[in-house]
Structures are given as structure tokens and as C-alpha cells.
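J.: sequence-free structure coming up:
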């Protein structure tokens, strides 16, 4: 009968660390899936509630995030920011963020008006149609600092930015705006595409990743066990 090998200390530590890491990543992916589904349920519930009229900052509730909102006012194209490298169905383009001067208070709120395809020339921006006069904008309130609105520190050049935060906008554009962005839903005849990510999208992907991490933990433990603790068959 062949002599059974004993694992060294570092082999045991490495196996335990691998199993623990894989299990932790699997649990983290399950937690991410649960967070997305909780967020989706909250958005669905808030979508059924009446729209909150945006007029000025003093009238805003603390729990504004994800609320259905509406505002009346005039767009100010001079304050527009183009969010670069936004794709729809594999096509690269921009999301157009523009301040809306709210009536009757005169407060400004940023509106993510929607997506437009690029021209294929980085030096030439596509033409964006902006409705004249007072318009109604309805959509969802998104608090900056989450999702696509805060990634890196690079803000791009001119009005073409990679990322957006309220403080960055206030500093670089020199315009005071309310502390959230309206993700516009309604059509204002501008031809922009408004296909926002569905609530809870990606939860199944997170669960799939969790299964893969758990499988890796089992694989590491199995390899360790087979290598050092399997019973040797007696020679016949």
C-alpha cells in the first residue's frame, strides 16, 4: 500500500483561504441579487404613487430617491452636459443632461433627457432638439453619487463628461441646481431615446455568479481532500 502524504501547513492554509474566499464571494453575489430585487420592489411600489411636484428645494422630502416626480419649466441648453460612452444595443452615444428652470420659483433641476447616438466623429456632436417654451417633465428622481453618476474623478473636457456629480456640475458650470437628477420618462418631441435599466435587472446574473463561486469552493475542497485524505486501496 502506498504511503499517504500529509499536507504541509501552507497547503492547508492556501486551501482554506481559497474555500473561504470563494464562499465569501458567493454570499456577496447573493446579497447583491437580494439588494437589486429589494430595490426593484421599492421602485415598483413608488411608481404606483402620485408624482411629486418639484418646485423648490425647501419643499423637497428627505426620502426623494426613486420617487416619481414632475416639474414644469424651460430647458436651458447653455448648461447642457453630454455624458460620453453610453451605449444602447451596442451603439455608442451620449446621454444629455440639461438644467430645467422650474416655474414659478426659478430653481434649476438637472434632467437626464435621454440618449442619442454619436456621429462617429469625436469632434462633432450630434444635434439635439430642445423644446422651446415651458414643458412638463416627468420621471424618476435619482440621487447623484450612485449608479452611473459617480464613477471616477475624470470629468472630461468642455461639456463632454465621462461622469456627473452635482458638486462637479455646480463648480464647473457655475450654476446652482437641486441635489438630484430627474431621469426623464415622458416624450417631449425631441427624438431622444429613454430606455432606462429595468428595476432589478441583473439579479439572475448575480445568482449565476454565486453558484460558480460556490462550485469553486467545493472544487478546491475536493481537490484538497482527494490529494491528501483519500484512502489507499490495498495492493492485491
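T.: On my side now, so go ahead. Just so you know, these numbers come straight off a predicted model, no measurement behind them. Numbers count the residues shown, from 1 in each chain.
J.: the longest strand anywhere in the chain pairs with which strands, parallel or anti?
T.: Looking across the chain with DSSP state E, the single longest strand is strand 91-102. The sheet places strand 91-102 alongside strand 68-75 (antiparallel), strand 81-88 (antiparallel), strand 108-117 (antiparallel), with pairing taken from DSSP bridges.
J.: any idea which of these is most buried?
T.: strand 108-117 (a mean of 22; mean count of other Cβ atoms under 10 Å). All C-beta spots, glycine's among them, are computed from the backbone N, C-alpha and C.
J.: identify the residues contacting the helix or strand just after it?
T.: The helix or strand immediately downstream of strand 108-117 is strand 135-142, counting by DSSP states H and E. Contacts of strand 135-142 with the rest of the structure, by Cβ atoms under 8 Å, 6 or more residues apart in numbering, involve 43, 51-52, 64-75, 100, 111-112, 149, 180-186, 188, 196.
J.: try 6 Å
T.: 64, 67, 69-72, 100, 111, 180-186, 188 (Cβ atoms under 6 Å, 6 or more residues apart in numbering).
J.: that older thread, between the longest strand of the chain and strand 135-142, how many degrees?
T.: Here strand 91-102 points in a direction 110 degrees away from that of strand 135-142 (axes from the mean of the first three to the mean of the last three Cα atoms, to 10 degrees).
J.: for strand 91-102, which positions count as buried?
T.: By 16 or more other Cβ atoms under 10 Å, the buried positions in strand 91-102 come out as 93-102.
J.: same check on stretch 29-41?
T.: 29-30, 32-33, 36.
J.: domains in the protein, as residue ranges please.
T.: By the record's domain assignment, the chain is partitioned as 9-40+202-229, 50-184 (automatic domain parsing).
J.: where among those domains is average confidence lowest?
T.: Looking over these, mean pLDDT reaches its minimum on domain 50-184, with a mean of 84.
J.: end to end on that domain, go ahead and measure it.
T.: One end of domain 50-184 sits 16 Å from the other (Cα to Cα, to the nearest Å).
J.: could you do stretch 187-204 as well?
T.: Termini of stretch 187-204 sit 31 Å apart (Cα to Cα).
J.: quick one on the thing from earlier: just how off-centre is the longest strand of the chain within its chain?
T.: Computed by Cα atoms, centre = their mean, to the nearest Å, the chain-centroid distance of strand 91-102 equals 16 Å.
J.: hmm, who's touching it?
T.: Applying Cβ under 6 Å, 6+ apart, the external contacts of strand 91-102 come out as 71, 73-76, 79-83, 86, 108-113, 115-118, 128, 137, 177.
J.: export the domains of the chain to JSON lines and tack on distance to residue 192?
T.: Shown next, in JSON lines, are those (distance: least, Cβ to Cβ, whole Å):
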{"stretch": "domain 9-40+202-229", "distance to residue 192": "24"}
{"stretch": "domain 50-184", "distance to residue 192": "3"}
